[in-house]
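K.L.:
With the input below, show me the fold.
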Amino acid sequence: MINQQNTSNKIIQELQNQIGEKIITSFDMVAQDRSNYFAKNPYQDQRPSIESANLIVNGYAKRNGGISAAANLVSGPLAMLAVAPEIITVMRNQIAMIYDVGVAYDKQQYLNKELLAGVLISSLGTGANRVIVIQASTIITKKLTPSIFKRIVHQLTGNVVSRAGKSIVSQSLLPGVGATAMGLWSAYSTKQVGNKSIQIFEKEIEILDETPSLSESSIEYTDNLLPTSDIEENKITGERLELLKIKTLINLMKVDGSIEPEEKEYLKTIITNANLTSAEIQEIKNLLSAQRIEVDYSIIAKYPDDALGLLIDLIALAKRDGDFHITEKMYIKQVGKLMGFSEVDIAEMMLAY
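P.N.:
Here you go, the predicted model:
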């Protein structure tokens, strides 16, 4: 299991580096491209308005979901590396969406790479204060040196890769299921970025001319992907979270009364790709004959990214055969609520792809 974990960590690091190098230049490139587009369409009736902001967000979310859902995915240990082009495209579209929402709120003059990056980071709920600062009704954007901007973007992509990897079936890329899971993740994450864009652009924007006196070392040690307490706790509960997720997926498979042979193959693939101990694998085998497996969803709810990954896995597996049964929908709604998701978010995700 240790070798498997080391391999997984190396793949994630390589994926982060691949995406990071591409995204660093994307902020300027996308801003220039969108600026040129609006320069060619200067008339007011051709430009987005505040009233169209939600339509912009929904359009990009649907586009990104379709990109990932239609991806030509592979299986095996290198599965996550195979989706690098799709993640890069999704992130570039998210940057373009932020720009378009900014134009809708008449903030085009402020849309530099720092503000675009700050909005994107803000949607992840961490590290944004290195780029933008919210003071009452004003957003202050900091100018950054190239080296610090590069460091921040690499950490941003690390966070994105980490969140994308919370879906077990995305990592396993099960036939007919992995692509659906990636599509759901792309659409949902894009919607989160879009909603955060609207919240930010409703405020006044101010840009600091001076470069803040931040050292690269301060960025490195203060912007962990998770708060220290969560990192320490996750070292203890990480594998237990994987076990809880698999128990939940088994319950979904059993919700119609039995586990079909195809479902057993899915389960075998999921277990193979999960970082489980031999004792945990044996526990799963012993539980397969149980009518229903008890799961403490309050534990998973403490980790929003893992909760989202599980919700995506449940929906993707339920839709694998094109027959999204009512009992599956009811079970997913119940689990989603126990993990803290709103009925609206659950319903939107179940309707997509």
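
K.L.:
Give me the longest helix you can find in this structure.
P.N.:
The helix that spans the most residues within the chain, counting by DSSP state H, is helix 2-40.

K.L.:
number of nearby residues for the closest residue in space to Gly65 that isn't next to it in sequence?
P.N.:
Among residues not flanking Gly65 along the chain, Ala187 sits closest, at 3.1 Å (C-beta to C-beta, 6 or more residues apart in numbering). The way it works is simple: take the backbone N, C-alpha and C, and place the C-beta from them, glycine included. By other C-beta atoms under 10 Å, 27 other residues sit near Ala187.

K.L.:
What is the strand or helix carrying Ala187 packed up against?
P.N.:
Assigned by DSSP states H and E, Ala187 belongs to helix 178-201. Helices and strands touching helix 178-201, by 3 or more C-beta pairs under 8 Å, 6 or more residues apart in numbering; DSSP states H and E, are helix 53-69, helix 84-104, helix 113-122, helix 146-164, helix 168-172, helix 304-318, helix 343-351.

K.L.:
if we can go back for a sec, please state the mean pLDDT value computed over the longest helix of the chain.
P.N.:
Summarised as a single mean, pLDDT over helix 2-40 is 82.

K.L.:
which SS class is Val133?
P.N.:
strand (DSSP: H, G, I helix; E, B strand; the rest coil).

K.L.:
Contact partners for it?
P.N.:
139-140, 142 (C-beta atoms under 8 Å, 6 or more residues apart in numbering).

K.L.:
nearest to Ile56, of the residues you listed?
P.N.:
Nearest to Ile56 among the contacts of Val133, counting by C-beta to C-beta, is Ile139 at 19.0 Å.

K.L.:
give me phi/psi at that closest one?
P.N.:
Per-residue torsions, Ile139: phi -110, psi 120 (degrees, to the nearest 10).

K.L.:
And it, how close does it get to Gly102?
P.N.:
Per C-beta to C-beta, to the nearest Å, Ile139 is found 11 Å from Gly102.

K.L.:
who's in contact with Ser298?
P.N.:
Leu338.

K.L.:
Quick one: which of the contacts of Val133 is the most crowded by neighbours?
P.N.:
Compared across the contacts of Val133, Ile139 has the highest neighbour count, 23 neighbours, by other C-beta under 10 Å.

K.L.:
what about the strands in the stretch 201-350 of the chain?
P.N.:
Listed in chain order, the strands of the stretch 201-350 of the chain (DSSP state E, counting those that start in this stretch) span 204-207.

K.L.:
can you pull out the helices in it?
P.N.:
For the stretch 201-350 of the chain, the helices defined by DSSP state H, counting those that start in this stretch occupy 216-222, 228-254, 261-273, 278-287, 297-301, 304-318, 326-338, 343-351.

K.L.:
in the shortest one, what counts as buried?
P.N.:
Okay, so that is helix 297-301. Of all the residues in helix 297-301, those buried under the rule 16 or more other C-beta atoms under 10 Å are 297, 300.

K.L.:
same question, stretch 134-141
P.N.:
For stretch 134-141, the neighbour count (16+ other C-beta under 10 Å) marks 139, 141 as buried.

K.L.:
okay if I get the helices and strands packed on helix 178-201 as TSV plus mean neighbour count and mean pLDDT?
P.N.:
Shown next, in TSV, are the helices and strands packed on helix 178-201 (neighbours: other C-beta atoms under 10 Å; pLDDT from 0 to 100):
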stretch	mean neighbour count	mean pLDDT
helix 53-69	20	93
helix 84-104	23	94
helix 113-122	25	92
helix 146-164	20	87
helix 168-172	26	70
helix 304-318	24	92
helix 343-351	15	91
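
K.L.:
possible to save those as CSV with distance to Val335?
P.N.:
Below are these laid out as CSV (distance: least, C-beta to C-beta, whole Å):
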stretch, distance to Val335
helix 53-69, 21
helix 84-104, 26
helix 113-122, 28
helix 146-164, 19
helix 168-172, 15
helix 304-318, 7
helix 343-351, 9
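
K.L.:
Quick check: Lys191 vs Phe324, distance?
P.N.:
Lys191 sits 20 Å away from Phe324, taking C-beta to C-beta as the criterion.

K.L.:
So those two - more neighbours on which side?
P.N.:
When Lys191 and Phe324 are compared for neighbours, Lys191 comes out ahead with 24 against 14, by other C-beta under 10 Å.

K.L.:
Quick check, pLDDT for that one.
P.N.:
pLDDT, Lys191: 95.

K.L.:
Isn't it up against Ala61?
P.N.:
Yes. Between Lys191 and Ala61 there is a contact under C-beta atoms under 8 Å: 4.5 Å.

K.L.:
Tell me how many other residues surround Glu51.
P.N.:
Other residues near Glu51 come to 8 when the count uses other C-beta under 10 Å.

K.L.:
tell me the SS of it?
P.N.:
For Glu51, the assignment made with three-state DSSP gives helix.

K.L.:
tell me the pLDDT at it?
P.N.:
Reading off the model, Glu51 has pLDDT 93.

K.L.:
From Ala347, how far out is Tyr331?
P.N.:
Counting by C-beta to C-beta, the gap from Tyr331 to Ala347 is 14 Å.

K.L.:
next one: Asn64
P.N.:
19 Å.

K.L.:
and what of Ala307?
P.N.:
For Ala307 relative to Ala347 (C-beta to C-beta), the value is 17 Å.

K.L.:
Same question for Asp33.
P.N.:
Taken as C-beta to C-beta, the span from Asp33 to Ala347 is 34 Å.
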